[in-house]
Structures are given as C-alpha cells and as structure tokens.
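>>> Show me how the following folds:
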Amino acid sequence: MEKKPIILLNIDSLMAHPLELAVQTGRAPALQFLMENGLYDPAMVSSFPTMSVTIDSSLLTGTYADQHHIPGLSWFDMEKNQFVNYGTGFRETFRLGMRRSIHQMLYALNNEHLSHHVSTIYEELAKEGISSGSINSFVYRGNVPHRLKTPRFLSAFTYFKNGEWSTQATSLFSLGTFSKIRPTAFTPQIAAGNLKYTARELRYLIRKNKLPAFTFCIFQDMDARLHFKGPMDIKGIVKVDRQIQKILNMYSDWNEAIKQSIWIVIGDNGHSATGIKYKDVVIDLQKVLTKYRIAKIQRSIQKKDQLAFCVNQRMAYIYKLDDKVQTHAIIKQLKHDHRIDVIAWKEKGSVYVESGMNKGRLTFHPNGEDQDVYGQFWSLEGRLDLLDISWQGNKLQYGDFPDALARLYGALFSQQANCIVVNAKPGCEFKAQSTPFHLSGAAHGSLHKQESLVPLIIAGTKMKPRFSRIVDMKSFIIALVEQYKGKGK
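Numbering: from 1, shown residues only. Down below sits the predicted model:
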C-alpha cells in the first residue's frame, strides 16, 4: 500500500452541533470536504476529567488516567505535599506561584508526572525508526533530546538555569517561542502558538516535503472564546476552517490532499452552557465544607490543614490531608448540595458512587463478570441509574455519562491519594479560592456527555478505530502507520 503520512488536527473544544451548523451554513468548507469524503462520527468519547492535559495524555498513551497519571489540569501531589497546576487561570496561577506553575507545565508534566510505565505514540514509533511531529501540544514526550530556552524576560519566572532545560520530545517539535520548526518563525504567544502559527508550521512541513509519518497539531484558540460566548458560538470554527483551507490548498486540489495524506480531525472536549446567577450555578466548595480547615494554595501545607481542593471547572478533587477526618462525613455534607450529581471515592480497589440529586449507592470494580459495550468487564452492585447505566441485551450501555465506569475509575486511581471526585450537574461549576468561573458562558471538565462526546473525522483511509474513544486512538494511529508504511524522514 502507498506511503501516506498521518496528520491529526486537534481542534480544542470542537463540538458536533456547532460544527454541523457551520457546515450546513457553508461557513466551514474545509471541514465539510473532509466530512463528506471520509468518516464522520459526532460522538467520540473523551477522557476524564475533560481537561486538555488529561485528554492529550490519554490520546498519546492509549490509557486513562489510572495508568498515565495525569489526573487533571489541577491536582494535589501527596508525595511532595503540594498543589500541581498546569495553568487553570491567571489569578490561581499567580497565587500558587508563577515559577512553580510554569515549571510544572513546561517540564514536570512530561518528565516527571506522565508515567514512565506507559509509552506515547511518539516513543513507540521511534523504537521502530519512525519519525513524528508535535505542534502546539504541551504533552509531547518522545525519544529525541531537545534543548529548550525561555525568552530572557520570562526566565526569571522559571527554575531553569539560564532559562534553559533539556527534555525528550518528537523529532519535529514546535511549542511556541520555546521550540520552532521554521527557523525564522515568530509566535505572538509565549507558551504556544495561536491557530495561524500552528497552521504555518504544518504548511512549512508540507511545502518542504518534510512531513513525518505522524504529525499531531493542536488549534487551541477556540476554548477561551467559548468560555465567554457559550457552546453554540461558531466563529471560532470558521477561523480554524480558514486555516485548514490554507493547509489543503498546499496540494494541487483538495482531493489530492486526501490522496497523499490521511487526515484526522478531532475535538478534545465539549462545553456545557453555564447559568447566569452566581448563587445558583457556582458551587463554592469552601462554603459547602465550611467546617473543615482548607489548605491555601498561596502557602505551604500546614499541620492543621484537613482538606485540599483542586478544581477542574465542572469537576473537582477533594483531598484528605488529615487522617482523622472521616470520608463518610465529607460525603454526607456534599450530598446536601443538589447541584452535585456524582460523588465518588475509592476503598480497597472499589469505587463507591453517591449523589446529591438521587438516593442510593453504586459500587463497582474492574475484572468482574458484567461486560460493557467496550468489552470491559466489571462487577457492579447497587443503583446503576446513578451513572445512567442500563442493560442492552447482555451488555452494559452508557447514557448521560459515556464510558463512565472506566473513566471514573481512571480518575480516582490516577494517584495514590485518598480523594473524592465530585461532578457538577449541567449548568453548574465548582469554585475554590481563586478558581475562575464562567457565568453566562460555558465550562467543561465533567463526566457528562455534553463535555465528553466530541466529533471525529477521518479522511484518506477506510480504516477506523475499534471503538470511538480518545483512548483507542493510539492503537488506531499505530495501525495506520504500519498499514501505510509511513516511515517519515
């Protein structure tokens, strides 16, 4: 079979309904072309929490968080007794400490936190002598040594000596001002390039005939817009589509583009519209659990601290810092808030689920006798409806919470910590200290289908993943590389 490089375009926060609206109104001709000349699935299941670093880690490693160990954009490291925050918002990052947060995002994420017991697509391809490229992704771990340098004005905000650090990435690696594919490239953003920058880097590879076997590109700009404009805004899709048009125009015609390369387009997470009244939609965990002493992000952990909160917009981790605090007492207090639809914790290898909206309990663990639609086996006892699970013939099927068992298990077992996962009902989100919130806009992070189902487009091949899930994309891409013998330069 002919050699065809694979290009994966991750459009941050791309959702099926606004995508289809943009296509139907003629405002996204490039995406329409790929959809009509390939496979289109509007409901691929994302990872959990539905936050970019966790999702990208699942995509690149083919595992959920229990194996790749990136619990979310915000989590608590019990071994180091400190908060980890890869950049949830300026106020929270500033209070945590700019140097620590920048170091966690630029270095620790790939070199310390991402488990070395799993391998990325890049690492597996490199073992076979096959090259790959990463453009604009903060999760980038590969096998090729790179020496990166921060701009002089930013180096004071890092732990790096002379603002330089070594890391392992893809052979072709682009991350804003820190690493560029085009020698004379200019990026208007420090940490990562905007959509025009991403497109220019990819067009350069096409023009110079330097496409590796697999290239992963992220268009990040749309997420920030949707937080304020709401989930049905399509202007961001229109802007990204213009850049994809320019990329496809690098070929003699668009049909030639899908003849020469395989194009995969995905969203990473959806957005849930948020309400307009603060007191109705913002769940302030400090007020819900007001009787406990809460750790402050701006200072080191104190002996008197009992709980730590790490909010990922519409989900949050609640960590027990004091062994004297009873988990069930915390659960009882959380259940008083009817805006919390899932409350989950782990004990002795099992996950326990209760709710602030419904009575009862569900208990489950893997490796039982009950099979779900993804071929995963579970042992379940109690109220299946707490996670909107039902039987379809002899298999478990999922409703409002796609692949809920594996994703919730993954989040809780992503670390050794004794923690509780809370999930907000649609329209609501969590807050703790300086956490940003999004009134009259949109937010993500939760287990709900609004944020968990994203579109998938594949053009240039008849092959498709075994299941339509982010976690299945790694094995699919490696199979594509093997099938099309894409040994890049």
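
>>> make it CA atoms for all contacts and neighbour counts henceforth
Noted.

>>> How many residues are close by the closest residue in space to V353 that isn't next to it in sequence?
In this structure, V353 finds its nearest non-sequential neighbour in A344, 4.4 Å apart by CA to CA, 6 or more residues apart in numbering. A344 has 23 neighbouring residues, counting by other CA atoms under 10 Å.

>>> doesn't A344 fall inside a strand?
Yes - A344: assigned to a strand according to DSSP: H, G, I helix; E, B strand; the rest coil.

>>> Do I have it right that it meets A411?
No - in terms of CA atoms under 8 Å, A344 does not count as a neighbour of A411; the distance is 10.0 Å.

>>> anything in contact with each of the two?
Each of V421 lies in contact with both A344 and A411 under the rule CA atoms under 8 Å, 6 or more residues apart in numbering.

>>> Okay, and the beta partners of the residue nearest to V353?
V353, V421 (DSSP bridges).

>>> For it, give me its contacts.
Counting by CA under 8 Å, 6+ apart, A344 has contacts 351-354, 420-422.

>>> repeat for C217
Residues in contact with C217 (CA under 8 Å, 6+ apart) are 7-10, 134-137, 198, 202.

>>> and of those residues, the nearest to K320?
Taking CA to CA as the measure, K320 sits nearest to S137 out of those, at 32.3 Å.

>>> That closest one: what secondary structure?
State at S137, reduced to three classes by three-state DSSP: coil.

>>> surely it meets F178?
No - using CA under 8 Å as the test, S137 is too far from F178 to be in contact (11.9 Å).

>>> the more surrounded of these two?
Counted by other CA under 10 Å, S137 and F178 do not tie: S137 has more neighbours, with 23 against 18.

>>> Tell me how far K80 lies from F94.
For K80, the distance to F94 (CA to CA, to the nearest Å) stands at 20 Å.

>>> Name the SS class of L408, please.
Following three-state DSSP, L408 is assigned to helix.

>>> What residues does it make contact with?
Per CA under 8 Å, 6+ apart, neighbours of L408: 48, 447.

>>> List the contacts of L285.
Going by CA under 8 Å, 6+ apart, the list of residues near L285 reads 309, 430-432.

>>> Between which two of those residues is the distance greatest?
Most distant of those, by CA to CA, are F309 and F430, 10.0 Å apart.

>>> shared neighbours, the two?
The contact lists of F309 and F430 share 285, 316, where a contact means CA under 8 Å, 6+ apart.

>>> did I read that right, R242 in a helix?
Yes - when classified by three-state DSSP, R242 is found to be part of a helix.

>>> Tell me how many other residues surround it.
A count of nearby residues for R242, using other CA under 10 Å, gives 19.

>>> quick one: it from N143, how far?
Counting by CA to CA, the gap from R242 to N143 is 33 Å.

>>> Equivalent analysis for K320, please.
Counting by CA to CA, the gap from K320 to N143 is 37 Å.

>>> more neighbours, those two?
Shown here are K320 and N143; by other CA under 10 Å, K320 has more neighbours (22 against 19).

>>> Next up, the contacts around that one.
Contacts for K320 (CA under 8 Å, 6+ apart) come out as 306-308, 327, 418-419.

>>> Redo those as TSV? Include secondary structure and neighbour count.
Shown next, in TSV, are those (DSSP: H, G, I helix; E, B strand; the rest coil; neighbours: other CA atoms under 10 Å):
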residue	secondary structure	neighbour count
Q306	coil	18
L307	strand	20
A308	strand	25
T327	helix	15
N418	coil	18
C419	strand	24
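
>>> Least confident of these?
Least confident entry in those, by pLDDT: N418, with 88.

>>> chain center to the host helix or strand of L205, what's the gap?
Using DSSP states H and E, L205 sits in helix 195-207. Centroid separation for helix 195-207 versus its chain: 23 Å, with CA atoms, centre = their mean, to the nearest Å.

>>> Which of the contacts of C217 ranks first by neighbour count?
I135 (28 neighbours).

>>> Wait, it touches S171, no?
No - judged on CA under 8 Å, I135 makes no contact with S171 at a distance of 11.1 Å.

>>> What about N367, how many residues nearby?
11.

>>> Can I take it that it is in a strand?
Yes - N367: assigned to a strand according to three-state DSSP.

>>> show me what contacts it?
N367 touches 376-379, counting by CA under 8 Å, 6+ apart.

>>> Dump those into TSV; add neighbour count as well.
Below are the contacts of N367 laid out as TSV (neighbours: other CA atoms under 10 Å):
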residue	neighbour count
Q376	17
F377	19
W378	18
S379	14
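
>>> P402: which of those residues is nearest?
Proximity of the contacts of N367 to P402 (CA to CA) peaks at Q376, which lies at 13.3 Å.

>>> and the closest one, how far is that from G368?
In terms of CA to CA, Q376 sits 9 Å off from G368.

>>> among the contacts of K320, which two are most distant?
Using CA to CA, the pair of the contacts of K320 lying farthest apart is A308 and T327, separated by 13.3 Å.

>>> among the contacts of N367, which are in strands?
Among the contacts of N367, the ones falling in strands (DSSP state E) are 377-379.

>>> From these, pick the one nearest E2.
Set against E2, the nearest of these by CA to CA is F377 (38.6 Å).

>>> which residues touch the closest one?
By CA under 8 Å, 6+ apart, the contact list for F377 reads 366-371.

>>> what do you get if the cut-off is 10 Å, keeping everything else the same?
365-371, 395-396, 405-406 (CA atoms under 10 Å, 6 or more residues apart in numbering).

>>> Of those residues, grab the buried ones for ChimeraX.
Buried members of these can be picked out in ChimeraX with the line below, counting by 16 or more other CA atoms under 10 Å:
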select :365,366,370,371,396,405,406
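
>>> Most widely separated two among the contacts of F377?
Among those, the pair separated by the greatest distance (CA to CA) is H365 and K395, at 16.0 Å.

>>> circling back to that earlier point, for I135 and S171, list the residues in contact with both.
Both I135 and S171 are in contact with I181, where contact means CA under 10 Å, 6+ apart.

>>> All set, thanks.
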